[in-house]
Structure formats: C-alpha cells, structure tokens
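Asks: okay, here's the prediction I keep looking at, along with the sequence it came from:
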There are 2 protein chains.
Amino acid sequence: MTSSDSAPPSASALAIGLADIEQAAARLTGYARETPLIESTLLNQRLGRRVLVKAECLQRTGSFKFRGAYNRLAALTPEVRSRGVVAFSSGNHAQGIAAAAQFFDIPATIVMPKDAPSSKIKNVRSYGAEIRFHDRERDDRAAMARAIASENGATLVPPYDDPYVIAGQGTIGLEVARQANQMGIIPDAMIICCSGGGLAAGIGTAMAAHYPGIKLYTAEPALFDDTARSLVGTEPAFNTVATGSICDALMARTPGEMTLPILRRYFAGGLTAEDSVICRAMRAAFEDLRMIAEPGGAAALAALMTAIEEDRLPAELQVIVVILSGGNVDPALYASIIAD
Amino acid sequence: MTSSDSAPPSASALAIGLADIEQAAARLTGYARETPLIESTLLNQRLGRRVLVKAECLQRTGSFKFRGAYNRLAALTPEVRSRGVVAFSSGNHAQGIAAAAQFFDIPATIVMPKDAPSSKIKNVRSYGAEIRFHDRERDDRAAMARAIASENGATLVPPYDDPYVIAGQGTIGLEVARQANQMGIIPDAMIICCSGGGLAAGIGTAMAAHYPGIKLYTAEPALFDDTARSLVGTEPAFNTVATGSICDALMARTPGEMTLPILRRYFAGGLTAEDSVICRAMRAAFEDLRMIAEPGGAAALAALMTAIEEDRLPAELQVIVVILSGGNVDPALYASIIAD
C-alpha cells in the first residue's frame, strides 16, 4: 500500500505494514483523540491480573471507527474526495465516516440496518450524513452502497477490507505502546474485539512490531466465532447465523479478505464470550472504570473474564491490554444491563 | 504554605498560590491520571457554544478527590505518615484517601455513615481502608474522626480546608491549560462545581494565573447556593437545608474558611442548576460524550445549560471549560436517570 495507493495487495503480501500505520498516525494528529490507557486497582482485584484498558469508547464518535474513516478520506485526492463518500455499517463505521466527512465538508451517504440502535442513527444524522436503510436478512447492503457510489461518483469506504481503514485503526496500537512505555509496563498479551477484523489486524500489526513476543487474541460473541475458527483452519469460516447477539457491532459473517492473512500472521488465537458475560463486563466497566461500553465494546473484557474463569488463559500472561472499543449503546438497553 | 508546611495561613494571605499547585503536580506525576480534555461536536451543537469537558470522572477512584488526598499524604514526613490517616466522608473523599493510603501502604480509617451506599463502602474496603460507621442523626462524625486520629497519632485530612488538598485539586487547572494550549484554544470561561470549595479554589488559582482575563464561575445545586451568595455578600452564607439535592457530593452548608477568600479573589460569580437540569446534564454526558457523571459531577454542565437557556451567559463567552468532577453513582440511580 505504501508504494501504490490503488493497487490491491498481492496474494502473498499483507495489506499493510507498520509504516502505513505511522503515516495514518500523522494524518490523525489533531483530529482523532489520543484515548487514555487506564489501569484500575478495582479491575485488577476483580480479575487477579494486571489489566490495561484502552478506552476507545472515548474516541470521537464514541468508537475507534473514526480513525480508519478519517485516514481513508484524508488519503484521497481532493478531487476524488469532493465527490463524496458512501459506507454501509450497523452504526459505528457509519458515525466515523459521517464525522470524518463533516471535517472535510463533503457529502456522506450511509447504508444502515433498519434495526440499528436509535442513538447511532440520530448521531449519524447529527454529523450531517444521509441514511438509506436496509433489512439485515433480505438486502445486500454492499450492493446498495455500490449502486449509490456509482450514481454519484462517490468513494465507497468498506468497514474493514481497506488498507487505509486497517492502518487507521492500527494507530491505537502505536498509542498503546507509547502509553505503556510511559507507564513502565511491557504487556504480555492484548485482546481485541473482532467482527470483520480491521481493528484487530491494524492493532495487531502495530503491537507485533513493538512487542515481538506478545500474545494477541481476537474476541468474539460465542455464536459469531468465525475468526476464532478461521485462525485454526485453513479456509475462512462462516457464522451460521446473521443475527442474535447482543453485540450489534460484531456480527460480520466471516473475516475480511485483507484482514484474515494479517490475523493469521500475528495472532495466537481467538477467544469468545457469551452474551451474559458481555453484560457482566459492561457492569464491570461501569463499576471499576466508570466507563460506558456498548456490548461489542465490552467483548474483549468479557473474553478475558471468560478465559480467566475457565482457566484457559496461560498463567504467564500477567499484564494484559484489553480494548473497550466503543460506547454507542441506547440508554434504555444500557440502563437495563447495569441495573440488572 | 510554600515557606512553612505547618503554619496556618494569615488572615490577609490566600492559603495557596500557583507554586503550591506546581509542587502538587510534581508529586502526583505517575499517581494521578492525566484525564482528557474533550471537545464534542454533538455537545457543541446541543449548547451552541464551544465546550471543553475536563473528564475527572475518569480519575483514579472515579473523582478528582484522589488528587488532593494523595498530595496531602505525599507532603507528610514519612514518620508522621506511617502513623496512618483518618477522614470523614460518605463518598468521594473517602475513596480518594483510601486509595492514596494504599499507595503509601499506611493504615486508613474512614468515618462513614452507616447508611452509605453499599458500592462506596465496598470500594473503600477494596482500597484496604477500615471503616467506622456513624449514625447521621446521633453521632458527631468530625469528633469521632478526631478521637480516632488522636488515639493512633494519625493525621486527619479534611475534605477541603487544607492547603495541600486545595493545591492537589488545582493540578486539574494546570492540565487544562496545557491541554487547551495543545489544542490551540484559549478558554473564555470555566465552570467548576462547588461544595466546600476546594476544587474551585484550586482550579481557579491555576486558571487565573494562566488566563488573566478568564471568567470563573462556581456551580451549585439550586437550594445549596451558599457559595454563590457568599460571593456577592460580605459574610459567608449558609444553606438553610442540609439535605434534599440529588447532588449528594455538593451539600456542604457554607464555603470553607480557606477556600472562600480564594474564590472571592478569582471568581466572577456563582451559577446554579435545578435537580431536573442536573439529570438532563447526566443524560447529555451519556449521549454526547459517552461519559458517566454522578449528579454532583454534572453540576457544572447543568449550570452551563441553565445559564444558556435563561440567557444569562454573556455572549462573548464562546469557549467554555466545564469539569465533570466524578462518576461515582449507584447503578440503579444512574439507570433510572438515563432511561428517563
């Protein structure tokens, strides 16, 4: 990607490398927030390990997705960018694209599921984007987005299978390394929530470069473990269901074509968590961190809790980074979970 | 205070100056978190001004109180400190003292009401402190704390009338100035929630030193406006009621003896907010910032909302810093407020 903006990656090469993430970090300076890396005495006591929480729920738009979206738009030529941008997303990528488009003052159209959380719909509109709704079961959202893009000459920004999107999310890994270093801490492992894999691929690339011995794990809802199964098999695995997790942001059916090779290169494996543990992790974030995690945003913490409780996390992994990737949850759902 | 650790301030001098806050900042480095200063497109749209939010709800122990507590303990001689610390508090100061004492590995005893929220009791114990319960109706908690301190030779740390406590809270102002400078922003005003006044006095001292023209305002619940009235009168004002605000952390009956002279020197006036607006501010923090504010923690944002809605905020104040001072709210109460 570094040498040619438009060429697809070759079959043997990975879509991005560390240099792409460093370029993305330079583009994002002053636009994305540097989110805190937090260690909590209460959470450490709860889990019996040393846990560092990367709080991307505090990122602009309430999730990490702004990073990849902004990096993608910033790397377009001004002429191409001026024709606008199109995306399909259940919510967080939608808000990231809408907010990034607002910075560049260009039109944005988002294809969203009609059952997306109402706060995500409201916020996409607040950032000035237009929404077209689709049905998760019946409609081909990617085809809808492609049609809109070709009508307008706009650029379609996919949620994860794009080198600039992956590199943008990877800037989180650079921040974690710098922040951990300032704290005098070397992480043994990091757990990253995973749907299409853009976040995990980006962060994994950065973390593996900074910590050659680190153990990296994806985190998925229990019935949506396509990445965990893809990491142990030779072919990409698919989920058998398309809906049914509380994690509305983590229901991609299979890993991305660009992301899976990166995950296979750097990741030790995939962890999962049941919805009930996701809810417990959201409560733990409220009680111990005073942070709002949406269900998908709490998946990494929930996967860590599950792995510890089921005694499946190697004892030598004492210092573990987890990402809280987003906080975009409707108030009524959030209230029902934390008051439970 | 800088020249003599133990001498009380003279009647004519203020209890602290900028140098005391800078010393506190050096003591707190690596212990207190540098909390983010956040600007939100959604919140700016909601309020029609440019608002910077200092997120002390993300401070260690869930409120700013850790800063003053740690600074007070760090400034004791090791011999005095080793005899332990005592405080009386039903909430945030209790947790701040308990967590600071844990860092120094010294005994801490907190006098708490026996009907204190169970989560606060649990957290104080999690930080290793001992709790002595008092009965709100029958017992004099300050006398109990003094008796425990004199039994053990321990140091009693008051919640606001202490130069080291005030200076510790003031480190927030240094951070705001540095962070705003990095963002290329010069604030026109800052609003700081106020009970006994330690937070406002500390931050005000730092902000006035960095921004000579800034307008500083305290924020209080509507029926607990002792500071607002004290700022316009010549004598300290008292609240006529002792309970009855949703802001459990903002019910001191009158400003502190050390804090009021500082507030009179630097502050333009006092703002207030009704409990209903406090609840709206907590929802705005949830929706626009994805941050958990406890009722008292949202008082500055609520006072800003009230002043704008009632057209009482001068139009030239376009860039306004508000502090979200804490996030220690029980889940059931928080759920009922955000789902309302």
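Replies: Thanks, I have it.
Asks: name the surrounding residues that touch the helix-or-strand element of chain A with minimal mean pLDDT.
Replies: Ranking every helix and strand in chain A by mean pLDDT, DSSP states H and E puts helix A:118-126 at the bottom, with a mean of 90. Outside helix A:118-126, the residues that touch it by CB atoms under 8 Å, 6 or more residues apart in numbering or on different chains are A:61-62, A:90-92, A:94-95, A:98, A:110, A:112, A:131, A:328-331, B:41-42, B:45, B:287. (Each C-beta comes from the backbone N, C-alpha and C, glycine too.)
Asks: go again with 7 Å.
Replies: Under the criterion CB atoms under 7 Å, 6 or more residues apart in numbering or on different chains, residues A:91, A:94-95, A:98, A:110, A:112, A:131, A:328, A:330, B:42, B:45, B:287 lie in contact with helix A:118-126.
Asks: next up, the contacts around residue A:217.
Replies: Residue A:217 is in contact with A:189, A:191, A:267-271, counting by CB under 7 Å, 6+ apart.
Asks: still on that earlier bit, mind checking which of the contacts of helix A:118-126 land in strands?
Replies: The members of the contacts of helix A:118-126 that map onto strands under DSSP state E are A:110, A:112, A:131.
Asks: lowest-confidence entry in the residues you listed?
Replies: Least confident of the ones in strands among the contacts of helix A:118-126 in the model: residue A:112, at 93.
Asks: only C-alpha atoms, please: export stretch A:283-292 in CSV.
Replies: Listed next in CSV are the C-alpha coordinates belonging to stretch A:283-292 (Å, rounded to 0.1, in the frame of the first residue of the first chain):
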residue,chain,number,x,y,z
ARG,A,283,-21.2,-3.7,34.5
ALA,A,284,-17.5,-4.1,35.5
ALA,A,285,-16.6,-1.2,33.2
PHE,A,286,-19.3,0.9,34.9
GLU,A,287,-18.3,-0.1,38.5
ASP,A,288,-14.5,-0.3,38.2
LEU,A,289,-13.7,2.2,35.4
ARG,A,290,-16.7,4.5,35.3
MET,A,291,-16.7,3.9,31.5
ILE,A,292,-19.6,3.2,29.2
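Asks: quick one: it to chain centroid distance?
Replies: The chain centre lies 20 Å from the centre of stretch A:283-292; the measure is CA atoms, centre = their mean, to the nearest Å.
Asks: show me where chain A has strands.
Replies: With strands called from DSSP E, chain A shows them at A:37-39, A:50-55, A:85-88, A:108-113, A:130-134, A:155-156, A:189-193, A:215-221, A:269-273, A:319-324.
Asks: list the residues that contact the residue nearest the centre of chain A.
Replies: Nearest to the mean C-alpha position of chain A, by CA atoms, centre = their mean, lies residue A:199 at 4.0 Å. Contact analysis of residue A:199 by CB under 7 Å, 6+ apart lists A:64, A:169, A:192-193, A:325.
Asks: follow-up on the earlier one: buried ones among the contacts of helix A:118-126?
Replies: A:91, A:94-95, A:98, A:110, A:112, A:131, A:328, A:330, B:42, B:287 (16 or more other CB atoms under 10 Å in any protein chain shown).
Asks: tell me, how many residues neighbour residue A:310?
Replies: Neighbour count for residue A:310, taken as other CB atoms under 10 Å in any protein chain shown: 9.
Asks: could you check how far it is from residue A:304?
Replies: 11 Å (CB to CB, to the nearest Å).
Asks: go on, residue A:249?
Replies: Taking CB to CB, one finds residue A:249 at 18 Å from residue A:304.
Asks: comparing the two, which residue is more hemmed in?
Replies: Per other CB under 10 Å, whichever of residue A:249 and residue A:304 has more neighbours is residue A:249, with 29 against 26.
Asks: how about the closest residue to residue A:197 other than its chain neighbours, what does it touch?
Replies: Of all residues not flanking residue A:197 in the chain, residue A:259 sits nearest, at 3.2 Å (CB to CB, 6 or more residues apart in numbering or on different chains). Neighbour list for residue A:259: A:160-161, A:166, A:196-198, A:201 [criterion: CB under 7 Å, 6+ apart].
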